Structures are given as structure tokens and as C-alpha cells.
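In: Provided below for reference: sequence and predicted model.
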Amino acid sequence: MSIDVIAGVDIGGTNISVGLITKTGELLGHNEFPTEPAQGFESAVNKIASHITELIQSDDYVLFGIGIGCTGRHNRADGSLGNVEAFLPGWQSKNITSTFRDKFNVPVTLENDADAAVIGEHTWGIGKGTSRFLLVTVGTGIGVGLSIDGQLYRGIEGAHPEIGHHIVDSSEGTVCWCGSQGCWEGLASSGAMTDWWINNCSDAQDVKSMNAHEICRAAKMGNKCAIEAVNRQGFYLGVGISNLMTLFAPDMIALGGGLMRSLDLFMDNIQKSIEINCTLVPHHNTKVLPARFGTEAVLVGAASTLVTSDIC
Ligand SMILES: [Zn+2]
């Protein structure tokens, strides 16, 4: 018996993931490959299309639609990519939705990656049934999406609010690519964590670079500088999450992304920060939990936009 599936596509500056998801949110399989943005938009489109075709042909699947989640702010009116020059130079204004619609003759949606992720976690994941739901995705950057009564919150002109770039400490860190110093992403993303490690620990440890996952592992094994890096990370994650708690008093804040696989290392600092900083809101009733879809949240979330009313 054939199964209707949605292709989810997660386009980041480093990697692209392509997967198949059922209409009830079951991830059937996915592939990941380097974005290689310098090779151009058409090259990436062809790779994505061949992965979709390969996955579809691996079983008796019928393609219902394609949901694309991509970093940046996009043009909802015509489904073209917005300002993505920081991650995908030369791709701006490319009409990715019509390109895939022409190739596969199915509906295609395009959503900001953080917004796609929150739609997915609310539709099929940990946020199902909540009225005020935030998803924080911590990876190379920090993305935050907000869902209110099941509807994605959009800013003026459909803008994705850049909560990951709100300022948490203007006297710390270097200037972020967003232009601000001390924004949340600049202090608490896994990229910020590895930068801090390189500047503060690598000489002493004779290790030039470690990724955030490796730093977390070193902390668990008792490496003092790694523990310091983790504590700093937990502190700044906690400040940002406390700010969200104070600003929105939500039902739930879910934490996803690669770094949150080590959430246990940061949770004490997060809880401490909430206790200290969120005295004016009923924070004890707000759940802070790991997201369901982890590193596949954008992929699954992009697919979920095909079954919600919030289609582009
Ligand atoms: Zn920033």
C-alpha cells in the first residue's frame, strides 16, 4: 500500500538535510550533505531533488508536498529566498518554491528555519496542545520561534522576530554577524562556545579546536577549562531563557538543536537563572523541556507546514 509522504528540507549554511515525513509526523528517513553554497543555487537544488527522488523510490511512497526550512528572512508573497547573503551568498531572491514546484508538481512551502521548527514541535512534538509555546534551537546559531494558540507569531511584513539576537550582555563577546555585541547567539550558541574555548583553553590544553560536543564530553570527564566553558554557556543560556520567561510567561519553552543533546550539563544554571530573574511571572508553571525532534526539528517542521493552516 502506498504511503503519502512530505519531503522536508533543512537548508543551512553548512549542511542540507532532506527527509521524508508522514502526515502524522513520523520521520521515515533522511540524508545529509554539505551545502557548498559557493557551487551555486542550481547545484544545491539538483542535489536536493536527487535526494528526494532517491528517498521516494526507496519504498512505495507518494510525494504529497515539499516543505523547505531555510535560515534567513524570506519573501512570503512569492516564495523566494530573502536576505541569505551571510550564509548563502548569491542565493538571494532565488525562487526556491517555484523551482521545486516545477520539478515535482506538488505544493511547496518555504519558512524561516526557526519558525519551521516551532510549527513542527507544536504540530507533532513536545509543544502539542500548548497555547503559548517557544522553541529555542541552539546550534551554530540560536533560533527562536513563537507559537500562540497554534499560530506562528509573525512580525511586521511577515518578519521572523530575531529573538536569538536579543542583547544579553553588551560588554561581553565579540561583535556578532548581526552587528550587535553581546547578543544571545554571540554568547550562548555552540559557535560562541567553541570560540571561547579557542581563546581561553586551547593553549593550555594543547588542543587547537574542539567542537561544542567535544567540549561537553571533556567537561563530563572533568576537564577544568571545559567545565568553565560549560558553566559560562549555561549562564548565558539561562539569562536568555529567563528573558523569554519574563517577556512571554509561556506554557512551555522547548530546547532543541545539536547542543541541547547535552542539556543535562546546562540545566542547573538555567534553573538558577530562572529562579533569580523571573520573580514577576509564574515561572514554576512553565515547563522547560527538550524538544522532540532534536537536530531534525527544522526538517520535520518544514514538512509540518504542509499540514497546518499556516502554509505560505
Ligand atoms: Zn547576533
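Out: Structure received.
In: Helices along the stretch 51-200 of the chain, start to end?
Out: 96-104, 113-123, 184-188, 190-200 (DSSP state H, counting those that start in this stretch).
In: Can you tell me which of those helices is nearest to residue 228?
Out: Between residue 228 and these, the shortest separation by Cβ to Cβ is 7.6 Å, and it involves helix 190-200. Just so you know, the C-beta spots here come from the backbone N, C-alpha and C atoms, and that holds for glycine as well.
In: Do I have it right that residue 233 meets residue 266?
Out: Yes - counting by Cβ atoms under 8 Å, residue 266 is a contact partner of residue 233 at 6.2 Å.
In: out of those two, which sits in the more crowded spot?
Out: Legend: neighbour count by other Cβ atoms under 10 Å for residue 233 and residue 266, higher for residue 233 (28 against 24).
In: What residue, apart from its backbone neighbours, is nearest that one spatially?
Out: Leaving aside its chain neighbours, residue 233 sits nearest to residue 193 (5.1 Å; criterion: Cβ to Cβ, 6 or more residues apart in numbering).
In: residues contacting that neighbour?
Out: Going by Cβ atoms under 8 Å, 6 or more residues apart in numbering, residue 193 touches 212, 215, 229, 232, 233, 259.
In: now do 6 Å
Out: Residue 193 is in contact with 212, 229, 233, counting by Cβ atoms under 6 Å, 6 or more residues apart in numbering.
In: Restricted to helices, list those residues.
Out: If you go by DSSP state H, the contacts of residue 193 have 212, 229, 233 in helices.
In: Return the distance of the last one relative to residue 45.
Out: When distance is defined by Cβ to Cβ, to the nearest Å, residue 233 is 36 Å away from residue 45.
In: again, but for the first one
Out: With distances defined as Cβ to Cβ, the gap from residue 212 to residue 45 amounts to 30 Å.
In: circling back to that earlier point, with respect to residue 9, which of the contacts of residue 193 is nearest?
Out: Within the contacts of residue 193, the smallest distance to residue 9 is 24.5 Å, found for residue 212 (Cβ to Cβ).
In: In which helix or strand does residue 263 reside?
Out: In this assignment (DSSP states H and E), residue 263 forms part of helix 263-277.
In: pLDDT below threshold where in the stretch 151-300 of the chain?
Out: For the stretch 151-300 of the chain, residues meeting the criterion pLDDT under 70 lie at 202-208.
In: Show me which residues of it are close to the ion?
Out: 165, 176, 178, 183, 185 (Cβ under 5 Å from the ion).
In: PyMOL command to pick out the buried ones of those residues?
Out: Applying 16 or more other Cβ atoms under 10 Å to those, the buried members can be selected in PyMOL as follows:
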select buried, resi 165+176+183+185
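In: can you tell me which of the residues of the stretch 151-300 of the chain next to the ion are in strands?
Out: Using DSSP state E, no member of those sits in strands.
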